[in-house]
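Undergrad: Below are the sequence and a predicted model; questions follow.
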Amino acid sequence: MLDDFLFRAALAGVGLTLATGPLGAFVVWRRMAYFGDATAHAAILGVALSFGFGISVYVGIIAVALGMAITVASLAGRGHTMDATLGVLAHSALAFGLVAASFLTEVRVDLSAWLFGDILAVGRSDLVVVWLGALAVLALLAWRWQALLTATVSDELAVASGLNPRREGLALTLALALVVAVAIKIVGALLIAAMLIIPAAAARRLARGPEGMAALASLIGALAVLAGLAASLRFDTPAGPSIVAAAASLFALIALLPRR
Amino acid sequence: MHLISATGLSVHHGGVDVLADIDFAIDRGEIVTIVGPNGSGKSTLVRALIGLEHTARGEVVHQTGLRIGYVPQRLHIDASLPLTVARFLCLPRWIARADISAALARTGVAGLERRPISALSGGQFQRVLLARALLSRPDILILDEPTQGLDQPGIAAFYRLLSDLRHELGCAVLLVSHDLHVVMAASDRVICLNGHICCEGAPRVVSAAPEYRALFGLGTGGALALYQHVHDHDHEHDIGHGHDPEHPHSHPHDHDHPHPPPHPPSDEPPHAG
């Protein structure tokens, strides 16, 4: 079955949603949507640098995404608002990434594959990377869950309880960089944030607790992957955008449910 | 060793001294009330003592392993986060269901376990915050203006609850109050703050006096007491800590010390504190 490209695609997509569900919930709770965007856009620069220096694409993406997150955190503390800082950095990273990629004449970089993803080209080794990455993120979030949730509810209550909200935020940043690195092949840099936010936002209406919302977000994400792949096959549409479109449809459907 | 102590503590906000040279210590079992006018740095002081403020000078020392039960003045929980009262109480430590129910009952909001946090009234949320603080088995309870919005019998009942909790838990209580004159009778010390410590002392317990009865009515059960300010310095010559020179003191009590007690709170202009 692993020989079938469609099965590999579905398996990779579902694996990814294991991580994007809970992580996306935190992105929504902590209002980090734009932060996720900036990290994802920075990945393009990571891809270009990886090809330039001949290192693993995953390593390049994680390094640049982490660098981006740390830059954002330090700039935001110096009189710039978070919004403006992210606005500057997200687009700069994308622009520099595209410029850097254009210098790579020797290696032909198929930019559209990185911008929009190519889930149908996922190979066995990619599958291993996606699942390992997703499980690592899941393990990190599970380990820090209570502390992260406390810091999300209130930094002040967290400090009074002897926790360090800054360190918990760093764990989340690391998780985000990991997810971006493994998701870029599946939905592409431009749509990674959508896979984080849309399923989690859709899950909010149905959930009564944080754990339920995280699990529902994963479930909705997985449904979107399967529905998107099916639609892509049937209508011959690009797979990454079809998956995000399916997630958006699920969001709309849930939003239209009658009030309980 | 003190539970929390501060020496020479100064805090700046945007280059302005909010707190200057504060020396403070609180010990196990003590009840300390901090009073002061608006903008006098009461909240900043408790936040600095917890470790929530960047200190410009001086230091704050916590007893090793100190457990703080903090009830902030306000807390906004993002509506995107679905959270029931019971789940909220299980942060950051998981708590047995029976203990949750007991803590909620103790703070007067029994049966709210399954209610979403967003559906609570301000008063209920305050009680839930207190319940959460209790569940952490605190060495010290720190409450920032917990009686805001309560009427006088409500305040008295809340103070009785705090005093009972102090005995049950053996913890210290650090309380910020916006009322300059009527304080919790069980306070061991009252600290009057206005950027610096203006005066400090025990409240006058006058619950037996007939004038007091007349003022506070019956049923407050001796939970309230008056605090007599004895300021040993004159603010008109005291420039440089943020006072408006035209109005050397923004709080309503006059400075011909000592006050003639009792001082009815109802006579006060709308709160300056």
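TA: Everything's here; your move.

Undergrad: alpha carbons only for contacts and neighbour counts from here, please
TA: Noted.

Undergrad: Would you mind listing what in the stretch 1-150 of chain A touches chain B?
TA: A:Val28, A:Trp29, A:Gln146, A:Ala147, A:Leu149, A:Thr150 (CA under 8 Å from any CA of the partner chain).

Undergrad: Look up how far A:Leu138 lies from the second one.
TA: Right, the one you point to is A:Trp29. Distance of A:Trp29 to A:Leu138, computed by CA to CA, to the nearest Å: 17 Å.

Undergrad: Helices along the chain, start to end?
TA: All of this is about chain A. A:5-29, A:33-53, A:57-76, A:82-103, A:111-116, A:124-153, A:155-160, A:165-183, A:192-204, A:210-235, A:239-256 (DSSP state H).

Undergrad: other chain: chain B
TA: Along chain B, the segments classed as helices by DSSP H run B:42-50, B:85-89, B:97-106, B:122-135, B:152-169, B:210-216.

Undergrad: any idea of the mean pLDDT in the first one?
TA: Right, the one you point to is helix B:42-50. For helix B:42-50, the mean pLDDT works out to 94.

Undergrad: Which elements pack onto it?
TA: strand B:4-13, strand B:16-26, strand B:140-144 (3 or more CA pairs under 8 Å, 6 or more residues apart in numbering or on different chains; DSSP states H and E).

Undergrad: who wins for proximity to chain A among the ones you listed?
TA: Nearest of those to chain A, taken as CA to the nearest CA: strand B:140-144 at 9.6 Å.

Undergrad: Do any residues in that closest one lie close to chain A?
TA: No: on the criterion CA under 8 Å from any CA, strand B:140-144 is out of touch with chain A, staying 9.6 Å away.

Undergrad: in chain B, what spans have low per-residue confidence?
TA: Residue ranges of chain B with pLDDT under 70: B:204-222, B:232-273.

Undergrad: For it, list the residue farthest from the centre, please.
TA: B:Ser80 (30.2 Å; CA atoms, centre = their mean).

Undergrad: Spatially nearest residue to that one, not counting backbone neighbours?
TA: Once flanking residues are discounted, B:Ser80 sits nearest to A:Trp29: 5.5 Å by CA to CA, 6 or more residues apart in numbering or on different chains.

Undergrad: any idea of the pLDDT on that neighbour?
TA: Confidence score, pLDDT, at A:Trp29: 95.

Undergrad: mind listing what it touches?
TA: Taking CA atoms under 8 Å, 6 or more residues apart in numbering or on different chains, we find A:Trp29 in contact with A:Thr152, B:Asp78, B:Ser80, B:Leu81.

Undergrad: how does it look with 7 Å?
TA: For A:Trp29, the contact set (CA atoms under 7 Å, 6 or more residues apart in numbering or on different chains) comprises B:Asp78, B:Ser80, B:Leu81.

Undergrad: Hmm, A:Ala65 is touching A:Ala43, no?
TA: Yes: using CA atoms under 7 Å, A:Ala65 is in contact with A:Ala43, at 6.0 Å.

Undergrad: Please identify which of those two sits among more neighbours.
TA: A:Ala43 (34 against 30; other CA atoms under 10 Å in any protein chain shown).

Undergrad: And for the more buried one, nearest residue in space, chain neighbours not counted?
TA: A:Ile61 (4.9 Å).

Undergrad: how close does the one you found get to A:Ala121?
TA: In terms of CA to CA, A:Ile61 sits 19 Å off from A:Ala121.

Undergrad: Kindly compare burial across the helices and strands packed on helix B:42-50 and name the winner.
TA: strand B:140-144 (a mean of 25; mean count of other CA atoms under 10 Å in any protein chain shown).

Undergrad: Confirm for me that B:Pro138 is in contact with B:Tyr70.
TA: No: with contact defined as CA under 7 Å, B:Pro138 does not count as touching B:Tyr70 (9.0 Å).
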